[in-house]
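**Student:** predicted coordinates and the sequence they were generated for:
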Amino acid sequence: MYLQPLFGALANVFDGSEAIESHAREALLTATPRTENHYDTNVLSKPFLDVMSEANAHPVCKIIAQTPLQWAPPQTSNDAQYVAHSLPKVHVELLGPNGLVKSNSVRLGLYGILPNSEYGIRTHPAEEVFVMLAGQAYWKRDKAPYVIHGSGERSYHPSMMAHATRTTEKAFLSAYVWYGDISTENYVYDGIPSN
């Protein structure tokens with residue numbers, strides 16, 4: 001039962017109007033997670049726990065904080081620049097080819113960045129949406145300038161749309177889903193944007 005409450009709560013997080021969110025809900029509600037933990041777990045660091053306990057944090061943050069998870073920097077690419085830029089990030093793939101529960105239709109998980117950090121320009125074939133759960137982040141979509149998003153807001157990225165993320169004084173935590181071509185084979189990381 002340890003993942004079932006989290007999956008049920010996350011299904012309610014993906015309540016937006018984009019079709020990708022209905023795919024996320026369906027995947028979460030039909031998944032059959034293990035009833036016990038079979039992996040090493042890591043505790044989130046204080047900057048994440050601080051924003052997750054703020055009054056405007058999404059209620060799912062309480063469940064996330066109580067669920068033992070294998071938090072680690074993401075491993076979407078072996079590119080040396082990507083690996084270096086991933087050190088201030090936390091990630092756990094809940095559903096997906098490498099997920100705690102296997103899925104070939106979505107990649108869905110939790111993702112955050114420490115304060116004063118950047119995740120540079122990247123593209124991938126899968127469409128994607130991030131739902132902010134706690135804290136704040138600046139999101140860049142295609143050639144538009146960065147826009148700040150807080151808890152409850154979304155950053156949607158159609159297939160192959162370049163996007164980037166940065167934080168200032170606060171960390172952020174989000175839920176994300178990839179849908180469509182969820183392979184990482186054509187994921188491209190271009191580094192920190194110049195503007």
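**Tutor:** Happy to help now that I have it. Numbers count the residues shown, from 1 in each chain.

**Student:** now find how far off-centre the strand ranked longest in the chain is within its chain.
**Tutor:** Ranked by residue count under DSSP state E, the longest strand found in the chain is strand 127-141. Distance of strand 127-141 from its chain centroid, counting by Cα atoms, centre = their mean, to the nearest Å, is 8 Å.

**Student:** partners of the helix or strand just after that strand, with directions?
**Tutor:** Sequence order places strand 147-150 as the next helix or strand after strand 127-141, per DSSP states H and E. Strand pairing for strand 147-150, using DSSP bridges, gives strand 127-141 (antiparallel).

**Student:** average pLDDT across the partner strand?
**Tutor:** Mean pLDDT, strand 127-141: 98.

**Student:** what's the helix or strand for the residue nearest the centre of the chain?
**Tutor:** Nearest to the mean C-alpha position of the chain, counting by Cα atoms, centre = their mean, stands residue 111 at 3.2 Å. Residue 111 belongs to strand 106-113 when assigned by DSSP H and E.

**Student:** which secondary structure elements does that strand contact?
**Tutor:** Contact partners of strand 106-113 among helices and strands, from 3 or more Cβ pairs under 8 Å, 6 or more residues apart in numbering; DSSP states H and E: helix 19-30, strand 89-96, strand 127-141, strand 172-179. C-beta: built from backbone N, CA, C; applies to glycine.

**Student:** now those in a markdown table, with distance to residue 81 and mean neighbour count?
**Tutor:** Output for the helices and strands packed on strand 106-113, formatted as a markdown table (distance: least, Cβ to Cβ, whole Å; neighbours: other Cβ atoms under 10 Å):
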| stretch | distance to residue 81 | mean neighbour count |
| --- | --- | --- |
| helix 19-30 | 28 | 18 |
| strand 89-96 | 14 | 22 |
| strand 127-141 | 17 | 22 |
| strand 172-179 | 21 | 25 |
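
**Student:** shaky segments in the protein?
**Tutor:** For the chain, the stretches flagged by pLDDT under 70 are 1, 35-38, 195.

**Student:** output stretch 104-122 as CSV, nothing but the C-alphas.
**Tutor:** The C-alpha coordinates for stretch 104-122 follow below in CSV (Å, rounded to 0.1, in the frame of the first residue of the first chain):
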residue,chain,number,x,y,z
ASN,A,104,5.5,1.8,-21.7
SER,A,105,2.9,4.5,-22.3
VAL,A,106,4.0,7.3,-19.9
ARG,A,107,7.0,8.6,-17.9
LEU,A,108,5.6,10.1,-14.8
GLY,A,109,7.3,11.2,-11.6
LEU,A,110,8.4,13.9,-9.2
TYR,A,111,11.1,16.5,-10.0
GLY,A,112,12.6,19.4,-8.2
ILE,A,113,15.6,21.8,-8.3
LEU,A,114,17.4,23.5,-5.4
PRO,A,115,17.5,27.3,-5.1
ASN,A,116,19.8,29.4,-7.4
SER,A,117,20.1,26.6,-10.0
GLU,A,118,19.4,26.1,-13.7
TYR,A,119,18.3,23.3,-15.9
GLY,A,120,19.2,24.4,-19.4
ILE,A,121,17.5,24.2,-22.8
ARG,A,122,16.3,20.7,-23.7
